[in-house]
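1. I would like to see how this sequence folds:
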Amino acid sequence: MGLVSGCGVNQIEDNGVCCDMCRPGTYLKEFCSRGQKTICDPCGPGFFSDKYHNLDRCEECQSCQQVYAENCTKTTNAECACRSSFLCSNSKCSECEENKCVTGYTPKKVISQNGWLEKYSYECEPSCTGNTFFDAAAGSCKPRTECSELGLAEWFPGNETHNSVCEKPETQRGDRDSVHTFLGLGCIFLSVTFLLFLSYQGVKKLRKHRANKVSTVGFAAAADDFQLSKEECGHLFIVQNESEDSKSVY
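-> Below is the predicted model:
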């Protein structure tokens with residue numbers, strides 16, 4: 001405590017008396033008087049104060065929507081962050097929004113004021129400018145290939161995310177197309193020939209099968225022609241016996 005003319009650093013005047021302010025991590029419970037010093041109490045859970053002050057309460061710790069980069073203490077506020085593929089929606093990063101920019105494009109922050117808090121929105125713009133493209137594998141911008149400098153024709157000019165695509169001039173490309181056409185016709189000819197060969201083999205086997213079947217039927221019919229009835233077989237047996245008896249007499 002002291003007179004007003006002698007108030008020093010981290011002190012404040014009250015009714016002509018210089019009173020000490022509360023330290024970080026505390027709040028003012030009772031102001032000083034000529035016979036009493038300033039009384040300060042610690043901040044409770046979920047509250048903080050990060051500087052000397054003469055307020056009768058601590059500030060509430062901010063809450064984070066996704067990630068706490070730093071936890072709140074009695075003397076420091078919490079610090080927030082967003083997960084991968086998300087962006088902060090305000091200056092405290094207490095809210096997050098999805099990053100909708102595709103590969104090769106970078107989010108551009110658009111700031112708007114909402115009281116004391118800055119609000120953020122985003123627009124996507126190309127990561128690479130001029131005659132360059134974004135190489136996703138390298139994660140950097142690279143110059144596009146100049147086909148004319150290589151004596152080649154430009155088939156695709158390239159864009160923000162892809163390199164130029166070159167090919168041989170028309171004359172060489174015509175020869176290449178002729179070769180491709182010849183190879184294609186050759187493959188078709190071989191396929192047709194193979195199918196005709198398989199068809200021929202199938203017909204040949206079918207004819208052979210039918211011929212074998214006809215031969216078997218003819219043989220069976222011939223065997224039936226040579227079969228004798230019971231009377232004919234008996235007569236033939238009697239004739240044979242008489243012949244043998246006559247031979248024995250002589």
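2. the domain parsing of the chain - what is it?
-> 1-77, 82-126, 132-167 (automatic domain parsing).
3. Can I get the ones you listed in a markdown table including distance to residue 188 and mean neighbour count?
-> In short, each C-beta sits where N, CA and C put it, glycine included. A markdown table is the format used below for these (distance: least, Cβ to Cβ, whole Å; neighbours: other Cβ atoms under 10 Å):
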| stretch | distance to residue 188 | mean neighbour count |
| --- | --- | --- |
| domain 1-77 | 61 | 15 |
| domain 82-126 | 42 | 14 |
| domain 132-167 | 26 | 14 |
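4. Out of those, the one nearest residue 193 is which?
-> With Cβ to Cβ as the measure, domain 132-167 is the member of the domains of the chain nearest residue 193 (34.1 Å).
5. Run through the protein and note the low-pLDDT ranges.
-> Within the chain, the stretches with pLDDT under 70 are 1-6, 170-180, 182, 211-250.
6. that older thread, how about CSV for the domains of the chain, with distance to residue 205 added?
-> Shown next, in CSV, are those (distance: least, Cβ to Cβ, whole Å):
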stretch, distance to residue 205
domain 1-77, 75
domain 82-126, 61
domain 132-167, 51
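7. I'd like to know which of those domains lies nearest to residue 204.
-> So among the domains of the chain, domain 132-167 is nearest, using Cβ to Cβ, at 50.0 Å.
8. And that closest one, end to end?
-> 20 Å (Cα to Cα, to the nearest Å).
9. again with stretch 124-136
-> 17 Å.
10. Could you do stretch 92-110 as well?
-> 15 Å.
11. Centre of the chain to it, how far?
-> 20 Å (Cα atoms, centre = their mean, to the nearest Å).
12. what does it rub up against?
-> 62-66, 79-83, 85-89, 117, 120-128, 133-134, 136, 160-161 (Cβ atoms under 8 Å, 6 or more residues apart in numbering).
13. What are the boundaries of the helices in the chain?
-> 170-225, 230-249 (DSSP state H).
14. doesn't residue 43 make contact with residue 22?
-> No: applying Cβ atoms under 8 Å as the test, residue 22 and residue 43 come out as separate, 9.8 Å apart.
15. where do the contact lists of these two overlap?
-> Common neighbours of residue 22 and residue 43, counting by Cβ under 8 Å, 6+ apart, are residue 49.
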